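> output the structure for:
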Amino acid sequence: MNTVPTNSHARELAHVVRGRPTADGAGVKLTRIIGQPALEMLDPFLLLDEFRSDTAADYLAGFPEHPHRGFETVTYLLAGRMRHGDNQGNRGLLSAGSVQWMTAGRGIVHSEMPEQENGLLWGFQLWVNLPAADKMTAPRYQDIAPERIPEIELGADARARVIAGTLGDVTGPVQGIATEPVYLDVRLDIGATVALPLPPAHNAFVYVYQGKARIGATPAHELVRGDLGVLGLGERLAVSAPTAAARLLVVAGKPLNEPVAKYGPFVMNTPAEITQAIEDYRAGRFGEFAARGENAPAR
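Model (predicted):
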């Protein structure tokens with residue numbers, strides 16, 4: 001598991017990684033930032049993908065029906081439309097600015113398919129581990145429409161959308177998550193400087209997806225578009241945009257400090273539990289789709 005150095009006050013950059021181009025689902029092109037050799041995981045975060053393209057061939061095949069067990073998927077859409085459905089009868093549509101926080105728990109089979117044939121599709125998918133005690137919980141969705149995500153002013157030149165966690169007097173709409181996450185979408189105009197409080201014992205990262213941002217105080221380190229900065233521990237994070245406007249994700253979660261066993265779309269604590277997950281899926285215990293005898297896809 002990844003650990004970061006302890007700092008009781010300001011958070012500083014521990015290290016910086018860049019994503020790797022890859023493809024997933026039925027061939028969707030994306031950039032994998034967490035879940036690749038440079039950063040295999042950051043407890044409790046297992047994976048972070050960014051998908052961004054206005055070329056339909058890069059995304060149109062989408063993510064057909066596939067299973068999950070033992071963790072949560074978080075989809076945050078910046079542009080475009082994505083239709084989701086599962087083998088328990090849930091259906092929904094993600095539009096620009098919306099979030100879906102899906103707790104796979106003991107097992108679910110779902111699909112995520114673009115509902116567009118042209119234009120920009122842009123967003124992120126984050127995988128968040130579940131503690132051992134919750135891995136076999138009942139699946140659930142939290143579908144959050146754009147208007148339900150509060151935006152807070154951090155000063156004249158800065159603001160943040162609060163998806164999960166609390167910032168100032170504002171609490172995000174995602175509730176009841178074991179890892180007590182913070183998930184912020186921060187926008188800085190040129191010259192803006194903000195200090196963001198974070199739970200001091202949470203592991204955290206920043207991901208710059210537009211412009212440039214300086215992270216930390218003494219000394220500050222500049223991150224550019226596509227940089228993920230793993231943060232040391234502490235009570236606050238200083239972020240500024242002295243030379244260019246910036247937009248970045250700030251994400252933090254309580255580490256589980258438990259063993260992790262992974263196989264494609266299954267994340268458990270032991271290899272035996274992975275074997276059981278595969279057997280349950282192939283035996284149809286995840287639902288009707290699995291009962292057709294399909295093998296588990298990679299995602």
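
> residue 62 and residue 187: what is the separation?
Distance, residue 62 to residue 187, by CB to CB, to the nearest Å: 29 Å. (Each C-beta comes from the backbone N, C-alpha and C, glycine too.)

> cool, residue 67 as well?
Separation of residue 67 from residue 187 (CB to CB): 36 Å.

> compare those two (neighbour count), which wins?
When residue 67 and residue 187 are compared on other CB atoms under 10 Å, the one with more neighbours turns out to be residue 67, at 26 against 19.

> separation between that one and residue 196?
Distance from residue 67 to residue 196, by CB to CB: 36 Å.

> and for residue 177?
Plainly put, residue 177 is 19 Å away from residue 196 if you go by CB to CB.

> got it, and residue 144?
Note on residue 144: its distance to residue 196, by CB to CB, is 21 Å.

> so where is the stretch 151-299 of the chain shaky, pLDDT-wise?
Applying pLDDT under 70 to the stretch 151-299 of the chain picks out residues 218, 287-299.

> so where do the strands sit in it?
Counting by DSSP state E, counting those that start in this stretch, the stretch 151-299 of the chain has these strands, from start to end: 151-155, 158-164, 166-167, 170-171, 182-188, 193-197, 203-215, 221-224, 227-231, 236-240, 246-253, 261-263, 266-268.

> got CSV for those, with distance to residue 85 too?
As requested, those are arranged in CSV below (distance: least, CB to CB, whole Å):
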stretch, distance to residue 85
strand 151-155, 29
strand 158-164, 22
strand 166-167, 32
strand 170-171, 29
strand 182-188, 24
strand 193-197, 36
strand 203-215, 28
strand 221-224, 37
strand 227-231, 31
strand 236-240, 37
strand 246-253, 26
strand 261-263, 24
strand 266-268, 20
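
> what's the closest of those to residue 80?
strand 203-215 (14.9 Å; CB to CB).

> how about that closest one: buried residues?
203, 204, 205, 206, 207, 208, 209, 211, 212, 213, 214, 215 (16 or more other CB atoms under 10 Å).

> how far away is the second one from residue 180?
Distance of residue 204 to residue 180, given as CB to CB: 12 Å.

> ok, the fourth one next?
Look at residue 206 and residue 180: by CB to CB, they are 18 Å apart.

> then the first one?
Remark: distance between residue 203 and residue 180 (CB to CB) = 11 Å.

> give me the common contacts of residue 204 and residue 180.
residue 253 (CB atoms under 8 Å, 6 or more residues apart in numbering).

> what's near enough to touch residue 47?
By CB under 8 Å, 6+ apart, the neighbours of residue 47 are 32, 34, 35, 41, 125, 126, 127.

> how far out from the middle of the chain is the strand or helix carrying it?
According to DSSP states H and E, residue 47 maps onto strand 45-53. Relative to the centre of its chain, strand 45-53 is centred 7 Å away, using CA atoms, centre = their mean, to the nearest Å.

> report the angle between that strand and strand 203-215.
Taking axes from the mean of the first three to the mean of the last three CA atoms, to 10 degrees, one finds that strand 45-53 is oriented at 50 degrees with respect to strand 203-215.

> before we move on, back to that, with distance to residue 225 as extra columns, can I get the buried residues of strand 203-215 in JSON lines?
Compiled in JSON lines, these are given as follows (distance: CB to CB, whole Å):
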{"residue": "203", "distance to residue 225": "23"}
{"residue": "204", "distance to residue 225": "19"}
{"residue": "205", "distance to residue 225": "15"}
{"residue": "206", "distance to residue 225": "12"}
{"residue": "207", "distance to residue 225": "10"}
{"residue": "208", "distance to residue 225": "6"}
{"residue": "209", "distance to residue 225": "6"}
{"residue": "211", "distance to residue 225": "6"}
{"residue": "212", "distance to residue 225": "7"}
{"residue": "213", "distance to residue 225": "10"}
{"residue": "214", "distance to residue 225": "14"}
{"residue": "215", "distance to residue 225": "14"}
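
> which residues in the protein form helices?
For the chain, applying DSSP state H gives helices covering 271-282, 288-291.

> buried sites along the longest one?
Along helix 271-282, these residues count as buried under the neighbour rule (16+ other CB under 10 Å): 273, 274, 277, 278, 280, 281, 282.
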